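1. fold the following for me, if possible:
(chains A, B, C and D)
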2 protein chains.
Amino acid sequence: MRAILEAAERVLSRNPAATMEQIAEAAGVARTTVHRRFASREALVDAMAAWATRQFAEAMDAAHTDSTPPLVALYQATANVLRVKIDWGFAMSRALSDDPEVARVHSDVERRCEELFRRAQDAGVLRADVDVVWAKRVYYALCHEAAQDREGDPDAMATRLVDTLLRGVGAGQGL
Amino acid sequence: MRAILEAAERVLSRNPAATMEQIAEAAGVARTTVHRRFASREALVDAMAAWATRQFAEAMDAAHTDSTPPLVALYQATANVLRVKIDWGFAMSRALSDDPEVARVHSDVERRCEELFRRAQDAGVLRADVDVVWAKRVYYALCHEAAQDREGDPDAMATRLVDTLLRGVGAGQGL
DNA sequence: CGAACTTGCGTCATCGATGTTGCAGGTTCT
DNA sequence: AGAACCTGCAACATCGATGACGCAAGTTCG
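-> Below is the predicted model:
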């Protein structure tokens, strides 16, 4: 069950068009067994999305983004989310689920993330002259990029990521 | 011919698993006509990659990345590449072509990009304590993210992108 | 031991995408 | 007008993925 989901993530992250046969093989079971657990390919992907979304929400919960100082919460959330995203990159990229409960959890996480960025700007952690939406997009892009490194310490990755997000890579003399 | 390539880009960027039928429809021709031009689906995608790669190389050429000051070249290259990437995002993401000539052009662009970043670091535009490889990955990620905006002035987008890349979005007091 | 459950294997039906071909109608150039 | 060319349309064959069975063998409990 979990083994099939994990195998599916492993295979589909490398090749999104992989067949059920390949997924089954990676899970060490017969293809029919996969079909017994998940009525269709779509059902399997939905289950992956549901599982990843729950992990995602738990990662955000653990960071207490609404009660800790913005910068601390940002570090914590980043490290936690990276840990999940490294293992469930494919499932998280297809988070647009039909299941209303999954959609609710997902939009809830989205909301908390935006709220965190707003608080960060109010606290002076984010520059006042940058668009919060753009800042969030940059943050997401960096998380996605960082999660490509499958090896390495998530905490160190989070440190580098947040450092890059806030300070950039320039030497500072501007143009 | 060009119309088919452009239609394929339009359709495949929204849905990479789209059928030849959908591509043909978007191009306003019959499916058989597409098959007459491109022997197989793979041939079509290869042609798209070849076309996009050439556009990519021309965009870099026009920026004169090896003879202008690094910062100027960075702005120019960014704006030029964004213009191409907005219209050929799908084709550029699958730049791993079998055609040796395409592969050569692509690796040549890659080389020039790395050289530009090295020069930027030597000139003090990039911080000396950041890994050049990481900086390049961040830059690519930002280009990819920025290219999602289909409307808007590429020059303004490049300005914001380079500003974010070099200065980040933080207010500067650090942790 | 015996019942309930799960799994692997082989088989089968179906379906959609791909790629090919022949034919008829339309355009362009000479 | 005639030749060469391109296109749309319809039909066809093929192929791989999907999903559904039944059956035999294995396990886990009582």
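2. and the residue of chain A found nearest DNA strand D, how many neighbours?
-> In chain A, no residue comes nearer to DNA strand D than A:Ser40, which is 3.0 Å away by C-beta to the nearest atom of the strand. For every residue, glycine as well, the C-beta is placed using N, CA and C. The burial count assigned to A:Ser40 is 10, neighbours taken as other C-beta atoms under 10 Å in any protein chain shown.
3. where does it fall, phi/psi-wise?
-> phi -140, psi 170 (degrees, to the nearest 10).
4. ok, A:Asn15 next?
-> phi -150, psi 100.
5. and the gap between it and A:Val138?
-> Distance from A:Asn15 to A:Val138, counting by C-beta to C-beta, to the nearest Å: 28 Å.
6. would you agree A:His106 is in contact with A:Ser97?
-> Yes: assessed by C-beta atoms under 8 Å, A:His106 is found in contact with A:Ser97 at 7.3 Å.
7. quick check: neighbours shared by those two?
-> A:Thr53 (C-beta atoms under 8 Å, 6 or more residues apart in numbering or on different chains).
8. doesn't A:Ser74 belong to a helix?
-> Small correction: residue A:74 is Leu, not Ser. Yes: membership of A:Leu74 in a helix is supported by DSSP: H, G, I helix; E, B strand; the rest coil.
9. OK, contacts around it?
-> With C-beta under 8 Å, 6+ apart, A:Leu74 has these contacts: A:116, A:120, A:125, A:162.
10. right, and the last one touches A:Ala77 too?
-> No: proximity of A:Val162 to A:Ala77 does not meet the contact threshold set by C-beta under 8 Å, at 9.8 Å.
11. which one of those two is surrounded by more residues?
-> Of the pair A:Val162 and A:Ala77, A:Ala77 is the one with more neighbours under other C-beta under 10 Å, namely 26 against 21.
12. neighbours of A:Val130, just the number please.
-> Applying other C-beta under 10 Å, we find 19 other residues in the vicinity of A:Val130.
13. hang on, it is in a strand, isn't it?
-> No: when three-state DSSP is applied, A:Val130 is found to be coil, with no strand at that position.
14. wait, it touches B:Val169, no?
-> Yes: under the criterion of C-beta under 8 Å, A:Val130 makes contact with B:Val169 at 4.8 Å.
15. ok, the nearest residue to A:Thr164 once chain neighbours are set aside - contacts?
-> Leaving aside its chain neighbours, A:Thr164 sits nearest to B:Val138 (5.8 Å; criterion: C-beta to C-beta, 6 or more residues apart in numbering or on different chains). Contacts for B:Val138 (C-beta under 8 Å, 6+ apart) come out as A:142, A:145, A:164, A:169, B:165.
16. any idea which of the residues you listed has the most stuff around it?
-> So for those (other C-beta under 10 Å), the most neighbours sit at A:Val169, 26 neighbours.
17. quick one, domains of chain A?
-> The record's domain parsing of chain A by automatic domain parsing lists A:1-37, A:48-167.
18. what's the first-to-last distance across the last one?
-> Between the opening and closing residues of domain A:48-167 we find a distance of 35 Å, counting by C-alpha to C-alpha, to the nearest Å.
19. just stretch A:94-104 next, same as before
-> 15 Å.
20. anything in it near DNA strand D?
-> No: using C-beta under 7 Å from any atom of the strand, stretch A:94-104 never reaches DNA strand D; the gap is at least 14.4 Å.
21. chain center to that stretch: distance?
-> 14 Å (C-alpha atoms, centre = their mean, to the nearest Å).
22. and the contacts of the longest helix along chain A?
-> The single longest helix within chain A, with elements called by DSSP state H, is helix A:100-122. Counting by C-beta under 8 Å, 6+ apart, helix A:100-122 makes contact with A:46, A:49-50, A:53-54, A:56-57, A:60, A:65-66, A:70-71, A:73-74, A:77, A:95-97, A:126-128, A:132, A:135-136, A:139, all of which sit outside it.
23. show me how far whatever helix or strand comes next after it is from its chain's centre.
-> Sequence order places helix A:132-146 as the next helix or strand after helix A:100-122, per DSSP states H and E. Centroid separation for helix A:132-146 versus its chain: 11 Å, with C-alpha atoms, centre = their mean.
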